[in-house]
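Participant: test case, fold it:
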Amino acid sequence: MSDNRIFDRMAVLSDPTRGRILLLLTEQELAVSELCAVLQQPQSTVSRHLKVLSDDGWLASWRDGTSRLYRLRGELEPEAEELWQVLRGRLAALPAARQDRGRLASVLRERRMRSQEFFAAAAGNWDHLRGELFGAASELLPLLALLDPELVVGDLGCGTGGTAEALAPFVRRVVAVDDSPEMLAAAHRRLEEHERAGRVELRRGALEALPVADGELDAALLLLVLHHLPDPAAVLAEAARALVPGGRLVVVDMLAHDEGRFRREMGHQWLGFEPARLAGWMADAGLAGVRTVALPPDPAAQGPNLFAARAVRPAAAAAGSGGTDSALRSEIHHPVTVTTAT
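Facilitator: Next up is the predicted model:
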């Protein structure tokens, strides 16, 4: 920076109001109206000072709705940073700056009060309002970001691919298996139409004879699938075989119920499950640490209540011996690979 440039910058900071503005914007991004309230100066004066500071490279700003917010620039030139550090302490000791800090606290309290007043009025309708604004899945989908991005996840009984589509941006690979050509075709269309980070492999095969190698999966999901299958124990054993030691299986299904129409109308093989029975099947498959949680019923749902069960393939033990012969697995393995945009 030239000597003249140093003097120019010193001239910009020679105005006490501009120094007070920089002090405030070091602590908090503020709108022009908020700066006016803190500095007790008219908008025309504050805007003029903001323009001088912005033109000289001291401020960053961005639009937030109808307002523009300002803050001290994150990375100043070394000479400007040195100059500011020299002046900052002296400016902060001025009586006007101390009063500014008190008024700033009041401005921030007003911000919080506006939010609190909104939530006090909207609490009874907040869930509905959030759903309208951001979609019904906005509460749960972000939880997928908690997953390890290196996981390989099996979506067993993937149907039309909705779960695989949701998982794909958050994990290394999704292996999606279904025995229905029609379901896999729908999943293929879904995944081609939407760009999703990650890789999804669609494979056709029976869940009792998974087209998945031993230990290929870090985690596996059976979401509302088991009640359609004649031999859930065999499916759980196959899922355990496909897991790495330490891998986890999650089952979501219906609690036991007496809605016989589900057999007649939708081909259900089982009218839900008692958690103890499922836990027994999981133990027979070589899985451990079974934990079952009843899911909160959705008031709008018309079906039976659901549960989620989770179990782990022990690191020091093989999965149960109920898996299907590998020759049969390879015979029914008809892979269709969809690589989504990365």
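Participant: what about Thr160, is that helix, strand or coil?
Facilitator: coil (DSSP: H, G, I helix; E, B strand; the rest coil).
Participant: ok, Trp281 next?
Facilitator: Going by three-state DSSP: Trp281 is helix.
Participant: so who does it touch?
Facilitator: For Trp281, the set of contacting residues under the criterion of C-beta atoms under 8 Å, 6 or more residues apart in numbering consists of 232-233, 236. In this view, the C-beta of every residue, glycine as well, is placed from N, C-alpha and C.
Participant: what about it, distance to Glu238?
Facilitator: Trp281 sits 12 Å away from Glu238, going by C-beta to C-beta, to the nearest Å.
Participant: same deal with Asp214?
Facilitator: 10 Å.
Participant: quick one: pLDDT of the nearest residue to Ala137 once chain neighbours are set aside?
Facilitator: On the basis of C-beta to C-beta, 6 or more residues apart in numbering, the spatially nearest residue to Ala137 that is not a chain neighbour turns out to be Ala166, at 7.9 Å. Ala166 carries a pLDDT score of 91 in this model.
Participant: just Thr337 next, same as before
Facilitator: Per the predicted model, pLDDT is 44 at Thr337.
Participant: same check, this time on Gly286
Facilitator: As predicted, Gly286 sits at a pLDDT of 96.
Participant: SS state for it?
Facilitator: State at Gly286, reduced to three classes by three-state DSSP: coil.
Participant: number of residues surrounding it?
Facilitator: Gly286 has 21 neighbours, counted by other C-beta atoms under 10 Å.
Participant: all further residue positions should be reported with the first residue as 20.
Facilitator: Yep, numbering from 20; the last one is Gly305 now.
Participant: how about the strands in this protein?
Facilitator: 49-50, 78-83, 86-91, 171-175, 192-197, 218-223, 236-242, 262-273, 307-313, 325-331, 353-358 (DSSP state E).
Participant: go through the ones you listed and name the closest to Leu43.
Facilitator: When the strands of the chain are compared for distance to Leu43 using C-beta to C-beta, the nearest one is strand 49-50, at 6.3 Å.
Participant: filter the contacts of Trp300 down to just the ones in helices.
Facilitator: Using DSSP state H, the members of these that fall within helices are 251-252, 255.
Participant: looking at those residues, which is nearest Glu293?
Facilitator: Nearest to Glu293 among the ones in helices among the contacts of Trp300: Pro251, at 12.0 Å, using C-beta to C-beta.
Participant: quick one, what contacts Ser157?
Facilitator: Taking C-beta under 8 Å, 6+ apart, we find Ser157 in contact with 149-150.
Participant: flag the shaky bits of the protein, pLDDT-wise.
Facilitator: Counting by pLDDT under 70, the low-confidence segments of the chain come to 20-23, 138, 141, 145, 212-217, 335-361.
Participant: that one - how does it break down into domains?
Facilitator: For the chain, automatic domain parsing gives the domain ranges 22-150, 159-358.
Participant: what is the neighbour count of Val171?
Facilitator: Neighbours around Val171, by other C-beta under 10 Å: 20.
Participant: thanks a lot, see you next time.
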